[in-house]
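1. here are the coordinates; sequence isn't available:
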Ligand code: NAP
């Protein structure tokens with residue numbers, strides 16, 4: 001049985017990805033940072049394993065991979081957002097966003113690659129954002145970090161293609177998760193109005209694409225930046 005590791009799988013999009021991959025036949029490692037109960041109950045439900053690691057901590061990520069065993073599909077989903085004017089964004093804010101969203105992907109991919117390269121096969125999916133493509137006012141740090149993942153996807157797709165490893169990126173639009181819980185109803189209504197499909201996305205909308213990109217069927221798909229945004233980015 002192949003193993004998939006989903007970072008930030010205790011809640012939201014990551015949890016839906018873990019469920020979809022388990023339904024697709026993977027043994028799933030449910031990574032989390034602090035939501036232990038949620039992660040453990042999910043892992044129990046899908047027959048996987050919950051492992052705590054802050055993705056921004058390289059040693060913790062390496063230890064997680066040692067505990068997880070060989071990983072065939074990696075979903076770099078863990079991420080944090082911040083809404084602030086750029087002029088109010090401190091260097092510490094900037095570093096915090098990049099530490100989780102960008103360094104986290106670096107740490108996870110570095111740890112996953114030795115096995116994938118040895119096997120000459122593997123699937124890597126990075127979770128960016130529609131803001132990484134288009135940029136969001138008052139989310140410069142977040143937008144920049146998500147744009148970095150797009151560059152990383154394209155570069156790694158070229159570098160790892162000869163090793164049989166695919167690297168793709170999904171760019172969710174506005175998805176109904178805790179990350180958007182602080183948005184007021186007027187803002188959510190405006191975002192819905194700007195979405196051609198006239199609704200917010202669900203974690204399952206994103207997970208269906210992630211499941212496909214991790215499947216054998218997606219063997220000739222790499223280096224792609226794919227929106228799951230109800231047409232928001234069109
Ligand atoms: P969420 O509901 O806030 O969940 C975040 C998940 O990431 C949680 O499982 C959390 O674990 C985990 N996490 C956070 N920091 C971590 C760290 N340092 N190490 C390990 N895990 C960490 O977020 P979401 O909406 O599902 O977002 C998931 C991804 O999609 C993010 O990368 C986000 O940027 C991206 N995205 C979201 C949207 C949206 O509208 N929701 C749109 C575009 C892109 P704990 O619970 O243990 O803290």
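-> Structure received. Keep in mind that what you see is a predicted model, and the values were worked out from it rather than measured. Numbering: from 1, shown residues only.
2. For the residue nearest to residue 71 when sequence neighbours are not counted, grab phi and psi.
-> Closest residue to residue 71 apart from its sequence neighbours, by CB to CB, 6 or more residues apart in numbering: residue 5 at 4.7 Å. To be clear about C-beta, it is placed using only N, CA and C from the backbone, and glycine gets the same treatment. Dihedral angles of residue 5 (phi, psi; degrees, to the nearest 10) stand at phi -120, psi 130.
3. Next: residue 101.
-> The phi/psi pair for residue 101 (degrees, to the nearest 10) is phi -80, psi -40.
4. and this structure, which residues reach the ligand?
-> Residues of the chain lying near the ligand by CB under 6 Å from any ligand atom: 7-14, 31-35, 54-56, 77-81, 100, 127, 129, 172, 174-175, 177-180.
5. mind listing the strands for this protein?
-> For the chain, strands defined by DSSP state E occupy the ranges 3-6, 27-32, 49-52, 73-76, 122-127, 165-172, 225-228.
6. Can you give me the buried ones in the lowest-mean-pLDDT helix or strand in the chain?
-> Using mean pLDDT, DSSP states H and E, helix 185-193 stands out as the lowest-scoring helix or strand of the chain, at a mean of 94. Applying a neighbour-count criterion of 16 or more other CB atoms under 10 Å, one finds residue 191 buried in helix 185-193.
7. List the contacts of it.
-> Contacts with helix 185-193, where a contact means CB atoms under 8 Å, 6 or more residues apart in numbering, come from 174, 180, 183, 198-200, 232.
8. any idea which residue sits dead centre in this protein?
-> By CA atoms, centre = their mean, the chain has its centre lying nearest to residue 77, at 1.9 Å.
9. Output the longest helix belonging to this structure.
-> helix 140-160 (DSSP state H).
10. Off-centre distance for that one?
-> 12 Å (CA atoms, centre = their mean, to the nearest Å).
11. Stretch 218-234 now?
-> With CA atoms, centre = their mean, you get 13 Å for stretch 218-234.
12. got it, and stretch 182-199?
-> 22 Å.
13. Repeat that for stretch 130-147.
-> 15 Å.
14. check contacts around the residue nearest to residue 71.
-> Applying CB under 8 Å, 6+ apart, the residues near residue 5 are 28-29, 31, 64-65, 68, 71, 73-75, 108, 112.
15. Which among those count as buried?
-> Buried, going by 16+ other CB under 10 Å: 28-29, 31, 64-65, 68, 71, 73-75, 108, 112, out of the contacts of residue 5.
16. wouldn't residue 42 be in contact with residue 15 here?
-> Yes. The pair residue 42 / residue 15 is scored as a contact, 5.8 Å apart, by CB atoms under 8 Å.
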